[in-house]
Structures are given as C-alpha cells and as structure tokens.
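1. Only the shape, not the letters, is given here:
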C-alpha cells in the first residue's frame with residue numbers, strides 16, 4: 001500500500017513546512033557556529049537536530065510543540081556550552097578537543113599520529129594540498145579541532161602558532 005490514510009499525508013506536509021521554518025529560525029538564532037565547520041561537539045548537536053526533525057515529521061506520537069521545544073533546547077544548550085567554553089578554559093577543555101601537532105620541521109611525530117589515528121599518507125596529502133612538494137619545506141602540520149589539517153610553511157623565523165601545541 002502507498003499510504004495508510006490521507007490524514008497522515010496531510011499531517012506530514014503541514015508539519016514539514018512548520019518544522020522546516022522552525023529549524024531555519026533556530027539555526028539563525030544559534031548563530032554562525034551552528035553551520036560552520038563542525039568540531040565533534042557541534043556535529044553531535046547537528047545530528048541530534050536532524051534526528052529530532054525526522055522524529056517530528058514521521059512520528060504521530062510526537063506533537064509539533066514537543067519537537068519545537070526539543071529544537072530550542074538543543075540550540076540553547078549548544079549556545080550555553082559555547083558561551084561557557086569562551087568564559088572558562090577548564091570547561092572548554094572538557095567539551096572541546098585541542099589542536100595536535102603531527103609534524104614538526106619535516107619530521108613525523110609518531111606518538112601524536114598514533115594517538116590521533118592519522119597516517120603518514122594523510123599528512124603527506126595535506127602537505128601536497130597546501131602546495132608543498134617536500135616535507136622539509138614544512139614547519140608543522142596541525143590536526144585542528146574540526147578534524148582538518150593545517151600546514152604551516154617553514155621559514156627562518158619562529159613559528160608562533162606552533163608554540164604550546166601538544167605533540
């Protein structure tokens with residue numbers, strides 16, 4: 001059978017329009033972070049929003065108002081955690097990962113690579129993507145909090161952005 005009853009189809013259409021509009025509104029209120037490159041915490045919240053949206057759309061047992069409250073709570077909690085992370089480095093350390101140095105002055109940092117489960121081939125690919133042909137040209141490769149790799153070219157001067165990164 002294609003559908004159980006006409007009411008179910010009409011409900012999905014109406015709830016879809018309302019939930020979509022609410023989701024756009026909530027994401028706009030949540031700010032740019034909600035739609036930027038995601039760190040692990042932001043990704044979990046985004047997946048939870050998508051799961052909530054699907055539940056509201058397809059489950060008749062969940063009222064639209066309950067779904068709207070769930071959207072608002074998830075976005076509000078993400079905002080609160082972001083604010084607390086900015087205000088407290090201790091709190092930030094609990095909910096957010098730290099960047100990790102994987103290569104320094106052309107040499108792989110094997111322990112850091114093993115801890116982050118990153119291969120030499122992945123580091124080499126990041127170096128090539130940054131336009132370098134040799135590892136020796138690179139002062140450092142950093143695994144950022146969002147999972148991307150930053151490549152910092154070598155030079156004669158000090159590399160300020162590499163200081164203090166864990167290896």
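-> Great, that's in hand. As the structure is a computational prediction, the values presented were derived from the model and not from experiment. Residues are numbered from 1 along each chain as shown.

2. Name the spans of this protein whose pLDDT lies under the cut-off.
-> 1, 3, 30-40, 155-161, 163-164, 167 (pLDDT under 70).

3. at 80 what do you get?
-> Scanning the chain for pLDDT under 80 picks out the ranges 1-5, 8, 23-24, 26-43, 93, 95-97, 146, 154-167.

4. Domains in it, by residue range?
-> 6-95, 100-162 (automatic domain parsing).

5. I'd like these written out as TSV, with mean neighbour count added.
-> C-beta: built from backbone N, CA, C; applies to glycine. Putting these into TSV (neighbours: other CB atoms under 10 Å) gives the following:
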stretch	mean neighbour count
domain 6-95	14
domain 100-162	15
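
6. Show me what secondary structure element comes after the helix or strand harbouring residue 50.
-> In this structure, residue 50 is located in helix 40-58 according to DSSP states H and E. Later in the chain than helix 40-58, the nearest helix or strand by DSSP H and E is helix 64-87.

7. starting at the chain centroid, how far to that following helix?
-> Helix 64-87 sits 16 Å away from the centroid of its parent chain (CA atoms, centre = their mean, to the nearest Å).

8. go on, stretch 122-139?
-> Average the C-alpha atoms of stretch 122-139, do the same for its chain, and the two points are 24 Å apart (CA atoms, centre = their mean).
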